[in-house]
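S.K.: Any chance you could fold what I've pasted below:
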Amino acid sequence: MYKKLLALCLAALLTASAAGCSQGTEGSSAPAEGGSAPAGDAAPSGEVVTIRMGGWGNFEDEHAPGTVGMEEAIGVKIEFQKYPTDADFWNNLPAQIAAKTAPDFISLTNELYLPYINDGLVVPLTSYVEDGTISCWDSIAQNLKDIWEIDGEIYGIPTHQSPAVFAINMNLWNEAGLTEDDFPETWDDVLAICQVFKDQLGMTGLCLNTQEFHFTQYALSFGGGWGLGKTINTPENAAALQFLIDAYHQGYVVTPKELGVSYDGSVLMTNDAAMSTGGTWYINDFAKNAPDVEVRYIKIPHAEGHEDASGTFHAPAYAILKGGAHEKETAMAINYLMNDARYEAIIDLGYIPVDEKFFDEFREKQPALADQIEALPLSNGFGYPPSGKMFADALISKMEEALFNPDSTVTGAQIVEELQAEYGE
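M.R.: Purely as a prediction, here's the structure:
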């Protein structure tokens, strides 16, 4: 039933989009100074075309530096349409496409992208790569191209790459009498450290954000993964979810939701936990909001017997939404955004560039994350089934029931069995 509902909803969105969603507006503005554009076509007319870009988080900080000089160079201006959280983004975007209020292009992650691609809501960019409008494709690493080239079509231009990390609040770590020699390699090590925090500081040690991103780190590090819907119901995935359920009820885990915040990093900032799965975006966020908190970033721990298991590989990309009024100009803007100024900005934010020529600069500027470059080829995609957001919402709902309902008898094995039946391929 869920698949039929998803198909009906997306079919309606496609119909609305094909009917002529005008997602951009035209206007004029004085040319910006400075900057240089990568290769690509010049503006087709003398007027400046205004297009909108959607995303969330440290959104404008990441992308605005790449727009310098864009109006003068190609006759296109970008306005940023920011969503408060990634959940708001995913929840609102389909309705906005239907209502013709969606942005022209977005920063789309490789987490929940398949429904949009499979049902035609994202424009293939292959022709713009082939005709040279998007020339930056040639400088992108092959493992990133593999994520965004599906069935022979290119659907996104990757903007950066980020393997997941295990973040440690060193202020609390040192206060508990722990040293770098105690950094965990396995999840059993993490539980032992959680007991130290309980004994020494009377607090929970591990933060678990009840989002699909974080559940997936555990699934993969236990040797499992969703396998695009083919491998949801496996012993490894069941063990990963059961580990979290048990650790929570043992008092080792705290969630952002019960603390009234939406983000795992906030829990580490306020010293309510010392460890969390997370990403390189912590660097900039802590520098801005908690500069006195020292954070160390290590490889995601693994389950016993799964030494080669690792976490996810985050590769967001610029993607054009179906039905925009200025598709060619949007492709030109995407190509322009992939310039050196934006690469410099994302390095400062703690993101690894998609162009390998910037790796040495990243190592120099972000020594705490330098080892993550070597982890890139070992990291995994998210592997969510085509149902995407519906699967993620169901996973979150079932896990929160198991965690937060003290009378719940739901097990990890039951959860993955139900998810396979509902969303598996």
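S.K.: Correct me if wrong: Cys330 contacts Gly324.
M.R.: Residue 330: Thr, not Cys. Yes - contact criterion CB atoms under 8 Å: Thr330 and Gly324 qualify, at 6.0 Å. For glycine as for every other residue, the C-beta is placed from the backbone atoms N, C-alpha and C.
S.K.: So for the two, which residue has more residues nearby?
M.R.: Taking other CB atoms under 10 Å, Thr330 and Gly324 do not tie; Thr330 has more neighbours (29 against 22).
S.K.: Counting neighbours, which bits of the helix or strand where that one lies end up buried?
M.R.: Take DSSP states H and E as the rule and Thr330 turns out to sit in helix 327-337. Across helix 327-337, burial judged by 16 or more other CB atoms under 10 Å covers Glu327, Lys328, Glu329, Thr330, Ala331, Met332, Ala333, Ile334, Asn335, Tyr336, Leu337.
S.K.: Which SSE is immediately downstream of it?
M.R.: According to DSSP H and E, the helix or strand after helix 327-337 is helix 340-348.
S.K.: Can you give me the neighbour number for the nearest residue to Asn271 once chain neighbours are set aside?
M.R.: The shortest distance from Asn271 to any non-neighbouring residue, by CB to CB, 6 or more residues apart in numbering, is to Leu172 (5.8 Å). By other CB under 10 Å, 22 other residues sit near Leu172.
S.K.: What is the least confident helix or strand in this structure?
M.R.: The weakest-scoring helix or strand in the chain, judged by mean pLDDT, DSSP states H and E, is strand 25-26 (a mean of 30).
S.K.: and the following helix or strand past that one with helix 327-337, angle?
M.R.: For strand 25-26, the following helix or strand on the C-terminal side (DSSP H and E) is strand 49-56. Angle, strand 49-56 to helix 327-337, by axes from the mean of the first three to the mean of the last three CA atoms, to 10 degrees: 60 degrees.
S.K.: Who are the packing partners of the very next helix or strand once past strand 49-56?
M.R.: Following strand 49-56 in sequence order, the next helix or strand is helix 59-63 (DSSP H and E). Counting contacts by 3 or more CB pairs under 8 Å, 6 or more residues apart in numbering; DSSP states H and E, helix 59-63 packs against strand 76-83, helix 340-348.
S.K.: what about dumping the CA coordinates of the helix or strand following helix 59-63 to CSV?
M.R.: Counting by DSSP H and E, the next helix or strand C-terminal to helix 59-63 is helix 70-74. The C-alpha atoms that make up helix 70-74 are tabulated as CSV, following Å, rounded to 0.1, in the frame of the first residue of the first chain:
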residue,chain,number,x,y,z
MET,A,70,28.6,35.4,-11.7
GLU,A,71,26.2,38.2,-13.0
GLU,A,72,29.0,39.9,-14.9
ALA,A,73,30.4,36.6,-16.3
ILE,A,74,27.3,34.7,-17.4
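S.K.: Which other helices and strands does helix 70-74 contact?
M.R.: Where contact means 3+ CB pairs under 8 Å, 6+ apart, helix 70-74 is packed against strand 76-83, helix 327-337.
S.K.: Any idea which of those gets closest to Gly54?
M.R.: Of all the helices and strands packed on helix 70-74, strand 76-83 sits nearest to Gly54, with 4.6 Å by CB to CB.
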